[in-house]
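> Turn this into a model:
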Amino acid sequence: MSYTHNTITKLRKSSPAQTEFYQAVEEVLDSLVTVLDEDSRFCQHSIIERMVEPERQIMFRVAWVDDEGKIQVNKGYRIEFNSALGPYKGGLRFHPSVTTSIVKFLGFEQVLKNALTGLPLGGAKGGADFNPKGRSDGEIMRFCQAFMNELYRHIGPRTDVPAGDIGVGTRELGYMFGQYKKLTNQFNGVLTGKDILWGGSLGRKEATGYGCVYFAKHMLEGIDDTLEGKECLVSGSGNVAIHTIEKLIDLGARPITCSDSDGTIYQKKGIDIKCLKQIKEIENGRLSDYAKHNPDAEYISRENYPDDGNAVWRFSGQVAFPCATQNELNAADARALLDNGCIAVCEGANMPCTSEAADLFLKAEIAYAPGKAANAGGVATSQLEMAQNASMQRWTFKQVDDELRDIMLDIYQRTRDTAAELDQPNNLILGANVAGFRRVADAMIQQGVV
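Residues are numbered from 1 along each chain as shown. Model prediction:
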């Protein structure tokens, strides 16, 4: 058996029933076979075995009281995966789907994503199986405070710096930061994605979506094409999707779809970003409300989705931006995109394409950017927020956005050049995995067996 196959077999035994985590690991290890064969150091130092095992796994009970006075209990997680390149860095997700497998897959991806930025960041992820939807502000505050009552022991501005993710926005970060400050008597940059009033960075909210579009721009220019005038399919309607849509419009593209857990919007003339922001960011409404304000928009409810996939990918468009969640785009969706003339896919979410879908895109030789490269703008700007906090300074939006543009260009070039070096210039998955792995592996070797 091969080195990588043995590693995966051992992983399945030591970490049973973690499907999403296996998927993420197998995708990366499959990319590394040639590199591992050519450089014996990685095998000699057991780099793969060490990389797939988190440095620290923290799971804890979160007990809190709801508005009816009833005690509720959730499970909290922080997986501190790898600190070879810097302090642990990665988001917190509050969603009913959060499990050990989900958090470990996200943490593993985060290690390579952070490495690709070229910045001094390790990788981590965390969260809880708590659903903020339908909860009052008081309930969300009490949950966040209870969550931080345990998490504060494990984080710090030079140790582990969490951020937001699905279900964790400025409100949740505010409640957690307040509790951390009370428990530690310190005001520091322990969280990123904060509000501007208390240490946040201009441009952080926009960074993941904007960065994804900047990456797509560079990727298309690499094949002598442009985003301008392209019809774009975007999934999701959260922070990443909204700012992907906003930047696409800014660069002359026409985003024509978005979605939420209840359904999909298709609007041929282009999504009305002001209306979308009003409904999602201010009213916390649903996309069915968007259709009421835009008579020319078609709303497809989830019960009317095709049996084999997602309605958002069944429209004609040249560039697709999956920005919702993991495994949202399957093989049937990929075939539909290709049949409808899609020439590029740029992942705004983490691992939104199934392995089968990714294989179809690679086989079709379209431009395809994996999330660990394309959506790294968020964590890169988090590091810029950390730098501002450490120096007690605040940068302008233009300073942050200019840095983000440079970082995304650097990530694209590093990914492209590595793929070309390995004689697969169209395979940016390979380029991203190998480029990120090399940085982490070299640092681990230099730091010894720890």
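> Which elements pack onto the helix or strand containing Glu385?
For Glu385, the element it lies in under DSSP states H and E is helix 377-391. Applying 3 or more CB pairs under 8 Å, 6 or more residues apart in numbering; DSSP states H and E, one finds that helix 377-391 contacts strand 88-94, helix 100-116, strand 160-163, helix 204-221, helix 397-421. Glycine gets a C-beta too; all of them are placed from N, C-alpha and C.
> and among these, the most buried is which?
For these, the largest average neighbour count (mean count of other CB atoms under 10 Å) is found in strand 88-94, namely a mean of 28.
> quick check: angle from it to helix 377-391?
Following axes from the mean of the first three to the mean of the last three CA atoms, to 10 degrees, one obtains 120 degrees for the angle between strand 88-94 and helix 377-391.
> May I have the strands that pair with strand 88-94, each with its orientation?
Paired neighbours of strand 88-94 in the sheet (DSSP bridges): strand 123-128 (parallel), strand 160-163 (parallel).
> Show me where this protein dips below the pLDDT cut-off.
The chain contains residues with pLDDT under 70 at 1.
> all strands of it, in order?
Counting by DSSP state E, residue ranges of the strands within the chain are 56-65, 71-82, 88-94, 123-128, 160-163, 231-234, 254-255, 257-259, 263-266, 298-301, 319-321, 344-346, 367-369.
> can I get these in JSON lines with distance to Val312?
JSON lines is the format used below for the strands of the chain (distance: least, CB to CB, whole Å):
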{"stretch": "strand 56-65", "distance to Val312": "33"}
{"stretch": "strand 71-82", "distance to Val312": "29"}
{"stretch": "strand 88-94", "distance to Val312": "21"}
{"stretch": "strand 123-128", "distance to Val312": "25"}
{"stretch": "strand 160-163", "distance to Val312": "26"}
{"stretch": "strand 231-234", "distance to Val312": "6"}
{"stretch": "strand 254-255", "distance to Val312": "11"}
{"stretch": "strand 257-259", "distance to Val312": "5"}
{"stretch": "strand 263-266", "distance to Val312": "5"}
{"stretch": "strand 298-301", "distance to Val312": "8"}
{"stretch": "strand 319-321", "distance to Val312": "9"}
{"stretch": "strand 344-346", "distance to Val312": "13"}
{"stretch": "strand 367-369", "distance to Val312": "18"}
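> mind checking which of those strands is nearest Phe105?
For the strands of the chain, the distance to Phe105 is smallest for strand 123-128, at 8.3 Å, taking CB to CB.
> Show me which positions of the closest one end up buried.
For strand 123-128, a neighbour-count test (16 or more other CB atoms under 10 Å) marks 123-128 as buried.
> ok, now stretch 335-350?
When burial is assessed from 16+ other CB under 10 Å, stretch 335-350 yields the following buried residues: 335-338, 342-350.
> and the end-to-end length of it?
21 Å (CA to CA, to the nearest Å).
> can you check stretch 348-359 too?
Using CA to CA, the gap from the first to the last residue of stretch 348-359 comes to 18 Å.
> Which stretch among the strands of the chain approaches Lys217 most closely?
Checking the strands of the chain against Lys217 by CB to CB gives strand 344-346 as the closest, at 9.4 Å.
> Parallel or antiparallel, list what pairs with that closest one.
Paired with strand 344-346 in the same sheet, following DSSP bridges, are strand 319-321 (parallel), strand 367-369 (parallel).
> Most tightly packed of those strands?
Burial of those is given as mean neighbour count (mean count of other CB under 10 Å); strand 319-321 ranks first at a mean of 30.
> Need the residues that contact that strand.
For strand 319-321, the surrounding residues in contact (CB atoms under 8 Å, 6 or more residues apart in numbering) are 212-213, 216, 220, 227, 230-235, 241, 244, 248, 253, 255, 313, 329, 337, 342-348.
> same thing with stretch 130-139?
Defining contact as CB under 8 Å, 6+ apart, one finds that stretch 130-139 is touched by 62, 64, 66-67, 74, 94-96, 140, 143, 147, 167, 171-172.
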